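Colleague: Would you be able to build a 3D model of this:
(one chain, ligands or ions: 1)
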Amino acid sequence: MQSTQNSIHGYWSSDRAFFLAATGSAVGLGNIWKFPYITGENGGGAFVIVYMACIIVIGVPVMMAEIMLGRSGGKSPIHAMKDHVKNSDGHNIWESVGWMGAIAGAIILSFYSVIAGWALSYTFLSAKGGLANINGDGAGQLFSQLLSSPGSLLIWHTVFMTMTMTVIGYGLKRGLEQAIRIMAPWLVVLLTLLAIYSVLYASYADSLLYLFSFDFSKLTTESVLVAMGHAFFTLSIGLGAIMTYGAYLPKSASIPKLTISIALADTLIALLSGFIIFSIVFSNGLEPSSGPGLIFQTLPVAFGNMPFGRLFGTAFFLLIVLAAWSSAISAVEPINAWLVEKYGITRLKSSLISGIPVWIFGVGTLLSFNIWSEYKIWGKTFFGVVDFLASNILLPLGGVLIALFTGWIMQKSISRAELKIGNRMFIGWMFSLRYVAPILIIAIFINIVGIF
Ligand code: PFF
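Modeller: Have a look, this model is predicted:
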């Protein structure tokens, strides 16, 4: 029996390249757009503690399992899971992990691209000086103008999809690795610049207080569940994206060390984004709990009225675009790796075959903000349904299956050989995969589908 296979796609050129790619996947709209506003809605500091606990207790063990499954499989999640199931005499049902993940990734990209398109549009708007001296009403109007224009949304969605599929088309070394090598330092530079700005010109003390004062009375069962769900989304786990990146990981790399570094970097960037955003929000008397519109409706007011606002505004929206871009490529890599393996086609072809349906599907999302906004299924717009299906059903389900498969079905000798950790750590990891993670994930799942 073979415990490890060679990847036909090649390998990351170093552990560092993998670290950058996986961190690039993890850091995205989830960190910069979603984390600050759900923190605001769920009690600030108390929520942050619960979220970090979820990252440690569920996120890290499941991510380790995903990277391990990827590296020992050496293929796309669909083929890797097929091999793993065969090698461990498991039931065919476990193979669904690969399929579900590939589909979830495509679905996530379809709406992720539309929202990243908003950020693209704001980057240009800010660079042109379009946010200068804007007030709250003006910013609100600007945002609804964008959402009500299917033509503009389509252009930005198309631009973002083209950016994403171009990187995919160039393949692992010349595409993914190159793109991330260029993007990562910019992300760090832009975040640092904005953090310095927050300390010098904005209400950084209020922001810190907001993020780190523990008001446990605001924490509900629901918040705990939101924190767990977000841990999945933010680490890009449960859908095979990280599993695919794991397939390209050199055999010598330490999976536990890399996992911890990625989780740490992702959490730090989320905290830093929250710090920057709330500093700007507070210094301009804006509402921290404005929900999903926080970045697009309230921050332009801040950028429009601050010193060097045009520069910082452009930098900020560009930061979101870069972060979303490096996440988007990972969402669609599993399906591309599978197409290349199965049909022996070129990367260019696979990117077109996978990109075009995702692009078309995304049109449904962009129309649900205007022409289709009245059409509802289960009380949700098309975007609402698609987001719910992928993020709230497929990701937790994928996560629970990955945990259970690794914990109960897969041969321990294989996972032990891949991880190379001490006995006590291995037992702790197994315990988490067998009991802690599945029970907690099932609890989120049950809550989300409203059975509770
Ligand atoms: N981790 C990304 C974020 O926080 O924005 C979201 C994501 C990207 C999820 C890619 C899944 C994925 F495959």
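Colleague: going forward, measure contacts between C-alpha atoms and count neighbours the same way
Modeller: OK.
Colleague: CA-only coordinates of stretch 99-117 in CSV, if you can.
Modeller: Output in CSV follows, covering the C-alpha atoms of stretch 99-117 (Å, rounded to 0.1, in the frame of the first residue of the first chain):
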residue,chain,number,x,y,z
TRP,A,99,-16.8,16.3,-4.9
MET,A,100,-18.6,18.5,-2.4
GLY,A,101,-15.5,20.5,-1.8
ALA,A,102,-14.9,21.1,-5.5
ILE,A,103,-18.5,22.2,-6.0
ALA,A,104,-18.5,24.4,-2.8
GLY,A,105,-15.3,26.1,-4.1
ALA,A,106,-16.9,26.9,-7.4
ILE,A,107,-20.0,28.2,-5.7
ILE,A,108,-18.0,30.4,-3.2
LEU,A,109,-16.0,31.9,-6.1
SER,A,110,-19.2,32.8,-8.0
PHE,A,111,-20.3,35.2,-5.3
TYR,A,112,-16.9,36.1,-3.9
SER,A,113,-16.0,37.5,-7.3
VAL,A,114,-19.1,39.8,-7.3
ILE,A,115,-18.2,41.2,-3.9
ALA,A,116,-14.5,41.5,-4.8
GLY,A,117,-15.8,43.4,-7.8
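Colleague: So, low pLDDT: which residues of the stretch 201-350 of the chain?
Modeller: 291-292 (pLDDT under 70).
Colleague: got the residues of it near the ligand?
Modeller: For the stretch 201-350 of the chain, the residues in contact with the ligand (CA under 6 Å from any ligand atom) are 233-236, 241, 327-328, 330-331.
Colleague: Need those residues in TSV (columns: neighbour count).
Modeller: Shown next, in TSV, are these (neighbours: other CA atoms under 10 Å):
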residue	neighbour count
Phe233	22
Thr234	24
Leu235	28
Ser236	28
Ala241	32
Ser327	27
Ala328	31
Ser330	26
Ala331	29
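Colleague: Go ahead and list the helix or strand containing Ser354.
Modeller: Element membership for Ser354, per DSSP states H and E: helix 347-367.
Colleague: May I see the buried residues of the next helix or strand after that helix?
Modeller: Per DSSP H and E, helix 347-367 leads on to helix 382-387 as the next helix or strand towards the C-terminus. Within helix 382-387, the residues that qualify as buried are 382-384, 386-387, counting by 16 or more other CA atoms under 10 Å.
Colleague: so what does helix 382-387 touch, helix or strand wise?
Modeller: Packing partners of helix 382-387 (3 or more CA pairs under 8 Å, 6 or more residues apart in numbering; DSSP states H and E): helix 96-127, helix 347-367.
Colleague: Please work out which of those is packed deepest.
Modeller: Across those, averaging neighbours per residue (mean count of other CA atoms under 10 Å) puts helix 96-127 on top, at a mean of 24.
Colleague: So is it next to the ligand?
Modeller: Yes - Helix 96-127 is in contact with the ligand by CA under 6 Å from any ligand atom, via Gly105.
Colleague: let's number from 44 now, not from 1
Modeller: Sure thing, new numbering starts at 44, so read that last one as helix 139-170.
Colleague: what sits against Leu365?
Modeller: For Leu365, the contact set (CA atoms under 8 Å, 6 or more residues apart in numbering) comprises 226, 230.
Colleague: Quick one: distance of the longest helix that the chain contains to the chain centre.
Modeller: Selection of the longest helix in the chain by residue count, based on DSSP state H, yields helix 352-386. Centroid displacement of helix 352-386 relative to its chain, using CA atoms, centre = their mean, to the nearest Å, is 10 Å.
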